[in-house]
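K.L.:
Show me how the following folds:
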Amino acid sequence: MHHPLNHSPLSKLNLLRDTRGLSTVEYIILLVLLAVGCITAWSNFRETVIAKVQDSDQQISEMQ
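P.N.:
Here you go, the predicted structure:
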């Protein structure tokens, strides 16, 4: 019976050649990069909206 944790050099070589999980890792990296991009964009958008609202509030205060 073949044990899944066989420590022979041949099993380690087969593990290095196995690329089945590689696409999963690539998708995870892509999702992380996408999430970082979205968070950065949202942060910049938020700062812009806050600045515009504060500017509008200041202009309205000066009119009164």
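
K.L.:
can we go C-alpha only for contacts and neighbour counts from here?
P.N.:
Fine.

K.L.:
pLDDT score assigned to R17?
P.N.:
On the pLDDT scale, R17 is placed at 71.

K.L.:
State the number of residues packed around it.
P.N.:
The number of residues packed near R17 is 9, by other CA atoms under 10 Å.

K.L.:
From S11, how far off is it?
P.N.:
From R17 over to S11 the distance is 10 Å, taken as CA to CA, to the nearest Å.

K.L.:
before we move on, what about I28?
P.N.:
Taking CA to CA, one finds I28 at 26 Å from S11.

K.L.:
repeat for I50
P.N.:
58 Å.

K.L.:
For the helix or strand that contains E26, what is the distance to the chain centroid?
P.N.:
Secondary structure from DSSP states H and E places E26 in helix 22-63. How far helix 22-63 lies from its chain's middle: 14 Å, per CA atoms, centre = their mean, to the nearest Å.

K.L.:
what helices or strands is that helix leaning on?
P.N.:
The criterion is 3 or more CA pairs under 8 Å, 6 or more residues apart in numbering; DSSP states H and E, and there are no helices or strands that helix 22-63 contacts.

K.L.:
Good, we can wrap up now.
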